[in-house]
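Undergrad: below are the sequence and a predicted model for it; my questions follow.
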Amino acid sequence: MNKKKNYNLIVYSLFVSLFILGTLTFRDYGIGIDDKFQRYSGLYWLNYLLSFTNFDGLQEVVKLKLLETSDHTLPSIDGWKFYGIFFDVPAAILELIFKLDNPKDYYELRHYLNFLFYFVGCIYFYKILDLRFDRFISFFGTCFFILSPRIYGDGFYNMKDIVFLTFFVISYYYCFKCFINFNIKNLILLAIFSAISIETRILGLSIPLSFLSFYLFTVLAKPSEIKILYKTFAYLFFTLIFVVLFWPYLWSAPIENFLVVIKSSQNFILSAYVFFNGEYFNNDYLPYSYVPLWILMTTPVLHILTFFIGITYGLKRLYFRLINIEKNQLSYDLWRGVKEKYDLFILLNFLVFFLLIILLNIRLFTAWKHLYFLNFYLVYIAVLGLNIIYIWSKKLKKKIILSISLIFISLFIVFEMIKYHPYQGLYFNTFVPKNFKNKFEIDYLALSARHFFDKIFELEKNDNKIHIANASWTPLIRTLDIYSETEKQKIELVGQNYGAAKYIYSNNISEVDKRHNNKYDIPKGFIKLYEYKVEDLLLYTVYKRKL
């Protein structure tokens with residue numbers, strides 16, 4: 001009993017520490033270029049929801065905020081109505097409740113809310129592991145999930161991919177619960193979170209599709225399982241109902257608008273050039289190495305090694321299950337117990353997703369940010385590999401050595417994350433050579449633009465107007481929002497009108513091929529003032545006009 005209490009105390013301490021850390025540091029992160037649009041989207045849909053109520057005064061406040069938020073760099077909301085509301089609308093409501101009119105305050109509130117979503121996702125990942133593994137593995141496996149630096153960093157400002165990852169993890173938890181007991185409670189909860197996942201990102205459709213496919217796979221293995229067919233249809237029915245209920249965009253025309261979302265998802269990611277491995281590629285024709293290389297470079301080495309052990313073990317076990325099927329057997333099982341069923345479900349889903357992404361040459365940019373939901377599969381399979389090592393260590397009576405090794409390596413990753421702070425979302429693992437890191441687009445969200453403006457205000461103490469050109473696609477005006485009116489009045493952004501600029505901001509983010517387009521070339525008459533680097537990553541360079 002004491003061992004259980006001690007274990008629970010360790011787990012609680014892990015989550016309490018994570019919560020305290022996030023609460024103390026959420027203000028450290030820069031304001032990304034997506035922050036403003038996501039706020040605009042939240043206010044838009046809140047205004048739409050209020051149109052069904054009698055809160056006319058409140059709606060007028062929201063409309064006024066919408067007008068104040070709009071600027072020439074934001075895309076029209078009409079082209080992006082299919083974004084979900086489960087983060088943006090609550091954030092907009094909290095902004096009203098706390099009467100936040102200072103941009104710095106409401107953006108930081110959104111970052112804290114983003115962290116809370118990420119925090120809940122970590123809890124549910126632990127709950128998934130607790131269904132499958134023993135306490136030792138569940139604890140260290142959760143550490144694996146938390147110590148995924150890019151996911152952790154984005155947990156404070158990525159309001160689309162991390163929120164989707166969280167609901168994705170929760171949905172899988174209830175998938176696993178249904179594997180144990182497909183009762184009405186688990187069925188409804190799975191339907192609710194499947195619907196929220198779909199509403200957050202259309203990729204959430206994979207949850208009901210994979211669940212149904214796996215059920216049919218189960219029926220082939222065990223025909224007696226067809227007795228729960230009605231429950232599966234009930235799950236699909238409730239998921240459909242909740243999707244429409246939770247998604248205001250579908251209310252006016254559920255089927256038509258849902259088909260619009262499906263069609264729009266093909267162009268969800270804009271066509272542009274990306275800087276990858278020292279070359280510019282149109283993201284309609286990315287090399288097959290794009291996703292695998294990004295994952296290998298930006299995932300801790302411990303995770304990668306245990307992942308390969310886990311996937312090798314999982315595939316080997318599946319192979320032997322298949323070849324041992326008796327030809328004349330009326331039913332068979334590709335898993336021995338519900339825990340193996342979890343493993344196979346994760347393994348097959350990962351392989352299908354990964355192969356489709358590679359073979360279909362999905363349009364991507366910003367590294368693998370849009371695929372961060374894959375980290376759930378990667379870490380789960382890595383934990384499966386860790387479990388194999390754990391079993392070996394117990395047989396060899398080396399568990400204490402494994403424990404010390406895991407603690408030491410985890411502390412090393414923590415130390416690396418501290419060195420990157422507050423840019424953990426730009427992390428590269430220790431195996432990536434220093435001169436190799438800058439052959440890739442780094443700070444697409446322009447988190448470092450906050451550092452840039454702070455530096456400019458340090459350099460320019462007088463009241464003179466500061467003219468800044470931008471040798472980058474990055475819309476700097478969105479970051480400028482968080483500064484006081486006095487500070488904003490000092491800055492004049494002149495785009496690529498370099499002749500009018502005193503300073504030029506430059507990074508590797510470009511929507512054009514710089515080899516054949518001189519749009520962002522630094523003109524003569526400017527000298528390099530300074531470079532800003534984090535762990536050998538060049539985030540931006542500032543040039544100043546020669547006197």
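TA: Thanks, I have it. Here the structure is a predicted model, which means the values were calculated and not measured.

Undergrad: now stretch 446-455: buried residues?
TA: Residues of stretch 446-455 classed as buried: 446-453, 455 (neighbour count, 16 or more other Cβ atoms under 10 Å). Every C-beta, even on glycine, is put in place using the N, C-alpha and C of the backbone.

Undergrad: need the single longest helix in the protein, by residues.
TA: Longest helix in the chain, counting residues (DSSP state H): helix 103-132.

Undergrad: and the helix or strand just after that one, what does it pack against?
TA: Using DSSP states H and E, the next helix or strand after helix 103-132 towards the C-terminus is helix 135-146. When contacts are defined as 3 or more Cβ pairs under 8 Å, 6 or more residues apart in numbering; DSSP states H and E, helix 135-146 packs onto helix 2-25, helix 103-132, helix 301-323, helix 374-395, helix 399-420.

Undergrad: how near is the residue lying closest to Tyr444 once chain neighbours are set aside to Pro223?
TA: For Tyr444, ignoring the flanking residues on the chain, the nearest one in space by Cβ to Cβ, 6 or more residues apart in numbering is Thr366 at 4.3 Å. Per Cβ to Cβ, to the nearest Å, Thr366 is found 46 Å from Pro223.

Undergrad: more neighbours, the two?
TA: The neighbour comparison of Thr366 against Pro223 (other Cβ atoms under 10 Å) goes to Thr366, with 18 against 11.

Undergrad: quick one: pLDDT of the residue nearest to Tyr444?
TA: For Thr366, the pLDDT comes out at 88.

Undergrad: then stretch 539-547 to CSV, C-alphas only?
TA: In CSV, the C-alpha atoms belonging to stretch 539-547 read as follows (Å, rounded to 0.1, in the frame of the first residue of the first chain):
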residue,chain,number,x,y,z
LEU,A,539,16.8,33.2,-35.8
TYR,A,540,17.2,36.6,-37.4
THR,A,541,19.8,39.1,-38.6
VAL,A,542,19.5,42.9,-38.4
TYR,A,543,21.2,45.2,-40.9
LYS,A,544,21.7,48.9,-40.4
ARG,A,545,22.1,51.7,-43.0
LYS,A,546,25.6,53.0,-43.3
LEU,A,547,26.1,56.5,-42.0
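
Undergrad: doesn't Ile33 make contact with Arg450?
TA: No: with contact defined as Cβ atoms under 8 Å, Arg450 does not reach Ile33; the gap is 11.5 Å.

Undergrad: please enumerate the shared neighbours of these two.
TA: Thr479 (Cβ atoms under 8 Å, 6 or more residues apart in numbering).

Undergrad: as a markdown table, the helices and strands packed on helix 135-146 with mean pLDDT, mean neighbour count and distance to Lys434 would be great.
TA: Shown next, in a markdown table, are these (pLDDT from 0 to 100; neighbours: other Cβ atoms under 10 Å; distance: least, Cβ to Cβ, whole Å):
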| stretch | mean pLDDT | mean neighbour count | distance to Lys434 |
| --- | --- | --- | --- |
| helix 2-25 | 93 | 12 | 26 |
| helix 103-132 | 97 | 20 | 30 |
| helix 301-323 | 94 | 16 | 16 |
| helix 374-395 | 97 | 21 | 25 |
| helix 399-420 | 96 | 14 | 14 |
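
Undergrad: got TSV for those, with distance to Leu493 too?
TA: Supplementary listing: the helices and strands packed on helix 135-146 in TSV, determined by distance: least, Cβ to Cβ, whole Å:
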stretch	distance to Leu493
helix 2-25	29
helix 103-132	16
helix 301-323	40
helix 374-395	36
helix 399-420	28
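
Undergrad: cool, thanks, signing off.
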